[in-house]
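1. Sequence and predicted model, in that order:
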Amino acid sequence: MLHATALSALLCWLGCAVLIVLGRRRHFGLDETQGIQKWHKHPTPRTGGFAMALGMAVGMMWLMHLNYVSAPYTGRLAIAIAPVLLAGMVEDLRRHVPPIWRALATVLAAGLSVWLLGATVNRLGLWPVDAWLLAWPVLGGLIALVAISALPHAVNMIDGYNGLAGMVSFMIFGAIGYVAFKVSDVLVMALSLAAIGALLGFLFWNWPRGQIFLGDTGAYLLGFWMALLSVLLVTRNPAVSAWFALMVLMYPVWELLYSLWRRKFRQRAGTAPDTLHLHHLVYWRLTRLVDQDDHPDPRLRRNAATSPYLWAVAAFSVGPAMLWWRQTHVLMVCSVVFVTLYLLAYRLLVQRRI
């Protein structure tokens, strides 16, 4: 199975190298440097998601060859993921696709996952909700539809600095793969390893220098994949707490929920992009501690220095999820603690107390 991980990493690494050259010589898929959320000085390819899709596809084919994943299941998975890949690729190449169309693409992909892959929520560890889910299975499908369609946007939201979304995703897939190994779920473990391999190939080029970006294709692919695997892991394995899925994804999930609340009720900005996410505040407040006047590119240094702070934030959700993946009540408490610490850190940063 690790052969598929290595193959996925190699293909993604090579794909990124080719796309970097195409971007520099043919201006293929370059990201502009002007914009409210632009932190790089030079036009950079935002096509890293293309290479990730290639690496994961080759890894999946090798897993299919080794009989870890069946050919019919692989075909259904490809159909389900097609809408998010198409939406991401169009946005990365043509830009300014209306948000409603991208949202509809993720909803379509989530619906196909529920229908074709059986990715439904059959329990939440809450009474009497579990009884309702047992009585009305369609309710579990609707919950899965919302969760799987939201995660691509959550990962896209945290994709702000070199290595941020990539390493956070690496940690999440590592936790999902670990728990899948503990419960002997070969399918979920294999799919996790394919994603881990592609992320290794991508991160080589993305952090710390940021020679290529994930783009919407990569963010949507990773968000869809981690949401799907989390749902499948819980659905297929009664030993895994339903709160594991929430806790392991807590950082991108809470970033999405809090940002939507903040924009809607505090700024009256709806879904408009801004620079008040936690990672932006870390960039402006904490990375000044590593500033050096003699550094040849202080902006690049601060960009790369931002991500490790957020890796630590993600570790406060991924770590407990790995440790207590069976224990629902412990994970509930950890979820409350994470949200409390997030809000405290955000308040201190926004009020310039740090």
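-> Thanks, I have it.

2. SS state for residue 142?
-> Under the three-state scheme (DSSP: H, G, I helix; E, B strand; the rest coil), residue 142 adopts helix.

3. Run through this structure and note the low-pLDDT ranges.
-> The model of the chain has pLDDT under 70 over residues 32-41, 265-274, 289-300, 354.

4. all strands for it, in order.
-> 30-31, 44-45 (DSSP state E).

5. Check which helices and strands the last one sits against.
-> Under the contact criterion of 3 or more Cβ pairs under 8 Å, 6 or more residues apart in numbering; DSSP states H and E, the helices and strands touching strand 44-45 comprise helix 2-26, strand 30-31. In this view, the C-beta of every residue, glycine as well, is placed from N, C-alpha and C.

6. how far away is the nearest residue to residue 193 once chain neighbours are set aside from residue 59?
-> Excluding its sequence neighbours, the residue lying closest to residue 193 (Cβ to Cβ, 6 or more residues apart in numbering) is residue 5, at 4.5 Å. To residue 59, residue 5 is 7 Å away according to Cβ to Cβ, to the nearest Å.

7. what sits in contact with each of these two?
-> 193-194, 197 (Cβ atoms under 8 Å, 6 or more residues apart in numbering).

8. Tell me which of those fall in helices.
-> 193-194, 197 (DSSP state H).

9. what's next to stretch 334-345, contact-wise?
-> 243, 246-247, 250-251, 254, 258, 278, 313, 316-317, 320-321, 324.

10. hmm, back to that, any idea which of the shared contacts of residue 5 and residue 59 is closest to residue 48?
-> Within the shared contacts of residue 5 and residue 59, proximity to residue 48 (Cβ to Cβ) peaks at residue 197, which comes in at 14.3 Å.

11. In CSV: the ones in helices among the shared contacts of residue 5 and residue 59, plus neighbour count and distance to residue 112.
-> CSV is the format used below for those (neighbours: other Cβ atoms under 10 Å; distance: Cβ to Cβ, whole Å):
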residue, neighbour count, distance to residue 112
193, 25, 23
194, 30, 19
197, 29, 24
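
12. What is the nearest of those residues to residue 151?
-> Looking across those and measuring by Cβ to Cβ, the closest to residue 151 is residue 194, at 17.4 Å.

13. Wait, the closest one touches residue 2, no?
-> No - with contacts defined as Cβ atoms under 8 Å, residue 194 does not count as touching residue 2, sitting 10.9 Å away.

14. neighbours around the closest residue to residue 132 other than its chain neighbours, how many?
-> In space, and not counting its chain neighbours, residue 132 is closest to residue 139: 6.0 Å by Cβ to Cβ, 6+ apart. By other Cβ atoms under 10 Å, the residues close to residue 139 number 16.

15. Could you report the separation of residue 139 from residue 108?
-> Applying Cβ to Cβ to residue 139 and residue 108 gives a distance of 20 Å.

16. Find me whatever residue is spatially closest to residue 164, sequence neighbours aside.
-> residue 307 (4.3 Å).

17. Since that was my last question, I'll sign off now.
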